[in-house]
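Peer 1: Here's a sequence, model it:
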Amino acid sequence: MRADGEGRPCALLVGGEWRAVSLVRRPWRVDQHWWRGAPVSRLYYRVSPEDESPLTLFRDLASSGWFRQEF
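Peer 2: Alright, predicted model coming up:
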């Protein structure tokens, strides 16, 4: 995943090749279990890579890692 200067996804590695992505909806944040030892803090994005189906990505705000959300 590549992010722009504001931290939003702008390119995704698909099949060994970088493809630009466009945002499908505004990002949303999830903060859960803050009262436990391992809280969840994520920023979600619904994106559409070039010539691919839309997908949901999130950035784990604790580790700064990017992940794909599977439903």
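Peer 1: Could you check how sure the model is about the longest strand seen in the chain, as an average pLDDT?
Peer 2: The strand spanning the most residues in the chain, taking DSSP state E as the definition, is strand 40-49. Mean pLDDT, computed over strand 40-49, is 94.
Peer 1: which is the next helix or strand following that strand?
Peer 2: From strand 40-49 onward toward the C-terminus, using DSSP states H and E, the following helix or strand is strand 55-60.
Peer 1: List the pairing partners of that next one within its sheet, with orientation.
Peer 2: Sheet pairing here is set by DSSP bridges, and for strand 55-60 it gives strand 40-49 (antiparallel), strand 66-69 (antiparallel).
Peer 1: how distant is that strand from the center of its chain?
Peer 2: 2 Å (CA atoms, centre = their mean, to the nearest Å).
Peer 1: gap between residue 10 and residue 45?
Peer 2: Using CB to CB, to the nearest Å, residue 10 is found at 10 Å from residue 45. Placement of C-beta: from N, CA and C, glycine included.
Peer 1: who has more neighbours, those two?
Peer 2: Neighbour count, other CB atoms under 10 Å: between residue 10 and residue 45, residue 45 has more, with 23 against 17.
Peer 1: so that one sits right up against residue 57, yeah?
Peer 2: Yes - using CB atoms under 8 Å, residue 45 is in contact with residue 57, at 5.0 Å.
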